[in-house]
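Visitor: I'll drop the sequence and a predicted model, then ask my questions.
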Amino acid sequence: MTNIGLEQLQTPCVLVDHTRLIRNIKWAQDKANAHHVRLRPHIKTHKCLEIARLQLAEGAVGVTASKTDEALVFINSGIKSVTVAYPIISQAKLDSLLAASATHRTDLRLLLDSITGVEALALAAERHKTTISVFVKIDVGLHRCGLLEDDPNLTTIIHRIQSDTRLRFIGLLSHAGNSYSAKCAGDVLQIAREECRILGRVKSRIEGLGVEVTEVSVGATPTTIVSDVYEGITEIRPGNYVFMDMTPLRLGLIDVDRISLSVLATVISVNQNYMIIDAGTKVLSSDLGAHGTGAGVGYGMAYAVEDYETRRHPLSVVKLSEEHGFLQRNGVFLPIGSQVRVIPNHACPVANLTDTLVVLSDAGKFETWKVDARGCVL
């Protein structure tokens, strides 16, 4: 690590507090161990091999990815077990994943939520003369991808998977992303409990068909933080927990000292209404909350560097343009050239907008870690 003051760093840049990062990684693994479930963190949050290796070293059984190219970065780097938690129907994308997993002997897990998805995986599996491990995704309240628990197509899909020797049904997967739009910690807990109940009922329904459900995988950072029910659950897949951001803070799920990611920016102009910083949508993103909830107020919370640890004199990022952020003055004046640290609403898109993370130690030293899967959206 290099010993250098923040004032010498070029801004804007994305900072990660190493001590808090490690503490968060250990916290999630300890929770998984305490409830006798496996941890398979979602790497779409950080897209960084260095962080993934820290998670695996602490005890994670593998990683979860969203997109094909994102998963390929981790497969080709030797990560031995990868779930792609996204319904893939493209034969070209399946060819890439199956070829890479065969080369690296990766335990690859894919998901589907339709007959179209079954046929796509079956076709690719036959072409590659391999067997694909398959999750069926269940919609537990986000209403994005997945089957509702009473969907009549569920039985048809399960039977179709079972009828193909190239497909191996391993279980159910869900994402309680609706927890991000909750109003408080109590609401998040109820969502976590309902997710468990829904998956339990679907599991019983499938087992009633004579089909074994060996894995039940859930994943969302808010529900992971508060959940006290793990009956029937075999795996958790939180992602945002490594960084945290304004969303779990807003929900009352964490204290501010759990947040490990911030954006270092510089005040470059001042007018009677705002202090303007050199971080706009191309750094902070325009995300008001995960899954388009719009639950955030403003685009993050900024603090003068000297106030960051004490959280004195918070300044709301009230507007953004591409290269500029607008800090509401609220009686606070920071002269041009002052540095601030901004806690974003949603850390995941912020990490994807930078090539490197500047990782800070308690001793004030820093090093840079590459965001290896940055921009991998295919």
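Guide: Noted; the coordinates are in hand.
Visitor: output the below-cut-off pLDDT ranges for the stretch 201-350 of the chain.
Guide: Applying pLDDT under 70 to the stretch 201-350 of the chain flags the ranges 291-296.
Visitor: ranges for the strands of it?
Guide: Applying DSSP state E, counting those that start in this stretch to the stretch 201-350 of the chain gives strands spanning 215-218, 235-236, 261-270, 274-277, 300-304, 315-320, 325-328, 339-344.
Visitor: want to try JSON lines for the ones you listed, with mean neighbour count as columns?
Guide: (Each C-beta comes from the backbone N, C-alpha and C, glycine too.) Formatted as JSON lines, the strands of the stretch 201-350 of the chain follow (neighbours: other C-beta atoms under 10 Å):
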{"stretch": "strand 215-218", "mean neighbour count": "24"}
{"stretch": "strand 235-236", "mean neighbour count": "22"}
{"stretch": "strand 261-270", "mean neighbour count": "22"}
{"stretch": "strand 274-277", "mean neighbour count": "24"}
{"stretch": "strand 300-304", "mean neighbour count": "25"}
{"stretch": "strand 315-320", "mean neighbour count": "20"}
{"stretch": "strand 325-328", "mean neighbour count": "24"}
{"stretch": "strand 339-344", "mean neighbour count": "25"}
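Visitor: residues in contact with the nearest residue to residue 303 once chain neighbours are set aside?
Guide: Spatially, and ignoring its direct neighbours in sequence, residue 303 is nearest to residue 341 (5.7 Å; C-beta to C-beta, 6 or more residues apart in numbering). Applying C-beta atoms under 8 Å, 6 or more residues apart in numbering to residue 341 gives the contacts 15, 262, 263, 264, 265, 302, 303, 305, 308.
Visitor: format those residues as TSV; extra columns: distance to residue 115.
Guide: Output for these, formatted as TSV (distance: C-beta to C-beta, whole Å):
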residue	distance to residue 115
15	47
262	45
263	44
264	49
265	49
302	49
303	52
305	55
308	52
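Visitor: and residue 370, how far is that from residue 316?
Guide: Distance, residue 370 to residue 316, using C-beta to C-beta, to the nearest Å: 32 Å.
Visitor: cool, and residue 71?
Guide: For residue 71 relative to residue 316 (C-beta to C-beta), the value is 37 Å.
Visitor: can you pull out the helices in the stretch 251-378 of the chain?
Guide: 281-284, 347-352 (DSSP state H, counting those that start in this stretch).
Visitor: out of those helices, deepest packed?
Guide: helix 347-352 (a mean of 23; mean count of other C-beta atoms under 10 Å).
Visitor: tell me how many other residues crowd residue 50.
Guide: 15 (other C-beta atoms under 10 Å).
Visitor: hmm, I typed the wrong one, I wanted residue 169.
Guide: By other C-beta under 10 Å, the residues close to residue 169 number 21.
Visitor: contacts for the helix or strand hosting it, please.
Guide: Element membership for residue 169 (DSSP states H and E) is strand 167-174. Contacts with strand 167-174, where a contact means C-beta under 8 Å, 6+ apart, come from 83, 85, 109, 111, 118, 121-122, 125, 131-140, 146, 158, 161-162, 195, 198-199, 202-203, 206, 211, 213-219, 234.
Visitor: how about residue 337, what does it touch?
Guide: 266, 267.
Visitor: what separation do you get for it and residue 52?
Guide: Counting by C-beta to C-beta, the gap from residue 337 to residue 52 is 37 Å.
Visitor: what's the answer for residue 77, then?
Guide: 8 Å.
Visitor: if I read this right, residue 351 contacts residue 371, doesn't it?
Guide: Yes - assessed by C-beta atoms under 8 Å, residue 351 is found in contact with residue 371 at 5.9 Å.
Visitor: who touches both of those two?
Guide: 46, 47, 48, 357.
Visitor: strand 261-270 and the host helix or strand of residue 30, what's the angle between them?
Guide: If you go by DSSP H and E, residue 30 is part of helix 18-34. On the basis of axes from the mean of the first three to the mean of the last three C-alpha atoms, to 10 degrees, helix 18-34 is oriented at 150 degrees to strand 261-270.
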